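In: below are the sequence and a predicted model for it; my questions follow.
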Amino acid sequence: MPALTSEASSMLTNPLDLMEQVIGGHGWTFERCTPTEMAAEAPSRWCDYGLFFSWSAELGAILFTCAFDLKAAPTQHPDLYELIGLANEQIWVGHFSLDTEDGVLLFRHALLLRGTPSVTDVFEDMIDIALAECERFYPAFVFFCTQGWMPKRHSQQP
């Protein structure tokens, strides 16, 4: 059996160890909540995003969420779901969702890592894509939550 690299060996035990290196490389603050959970904060143009990573050894998957510093009132949820749907139609990786308990808007993505020999670049890409999509749609979401603005679908125009 070929020898595993230290990265692959670490990935097989807990990829959050590698995620700590990725997050630390950006100079962002992070906290290991449990052996299988990690939280971090990513400053950006519009806000500081709350990053959360959860590792499932059983699934061989990592669940990643990126939370906006924005909350929607329960009365806004139905229309916000429509706006989320419009945004999701335009992205390839991950999706936006709404945490209905506290009204926080999230970007979510899960990665299956079983059999992946190197994940550091994948983690970098996952975070970069999430932050880019959050930054891209942040103005629309904040305008909706603060002003009630809703874009019109092209199909609804005469």
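Out: Good, I have the coordinates.

In: from here on, contacts and neighbour counts on C-alpha atoms
Out: OK.

In: buried residues, the top strand by length along the chain. List them.
Out: Criterion DSSP state E: the longest strand present in the chain is strand 61-71. Neighbour counts over strand 61-71 (16 or more other Cα atoms under 10 Å) mark 61-62, 64-68, 70-71 as buried.

In: show me which of the residues you listed is closest to Leu18.
Out: Nearest to Leu18 among those: Ile62, at 12.0 Å, using Cα to Cα.

In: how far away is that closest one from Cys145?
Out: 30 Å (Cα to Cα, to the nearest Å).

In: same deal with Met126?
Out: With Cα to Cα as the criterion, Met126 and Cys145 are 26 Å apart.

In: the protein: strands as residue ranges?
Out: Counting by DSSP E, the strands of the chain are 30-34, 37-43, 48-56, 61-71, 95-99, 104-112.

In: now the ones you listed as JSON lines including distance to Ala130 and mean pLDDT?
Out: Shown next, in JSON lines, are those (distance: least, Cα to Cα, whole Å; pLDDT from 0 to 100):
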{"stretch": "strand 30-34", "distance to Ala130": "17", "mean pLDDT": "97"}
{"stretch": "strand 37-43", "distance to Ala130": "11", "mean pLDDT": "98"}
{"stretch": "strand 48-56", "distance to Ala130": "10", "mean pLDDT": "97"}
{"stretch": "strand 61-71", "distance to Ala130": "7", "mean pLDDT": "95"}
{"stretch": "strand 95-99", "distance to Ala130": "9", "mean pLDDT": "97"}
{"stretch": "strand 104-112", "distance to Ala130": "7", "mean pLDDT": "95"}
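
In: ok, Glu20 - contacts?
Out: Phe30 (Cα atoms under 8 Å, 6 or more residues apart in numbering).

In: who are the packing partners of the lengthiest helix in the chain?
Out: For the chain, the helix that runs over the most residues, judged by DSSP state H, is helix 120-147. The contact analysis (3 or more Cα pairs under 8 Å, 6 or more residues apart in numbering; DSSP states H and E) places helix 120-147 against helix 16-26, strand 61-71, helix 77-88.
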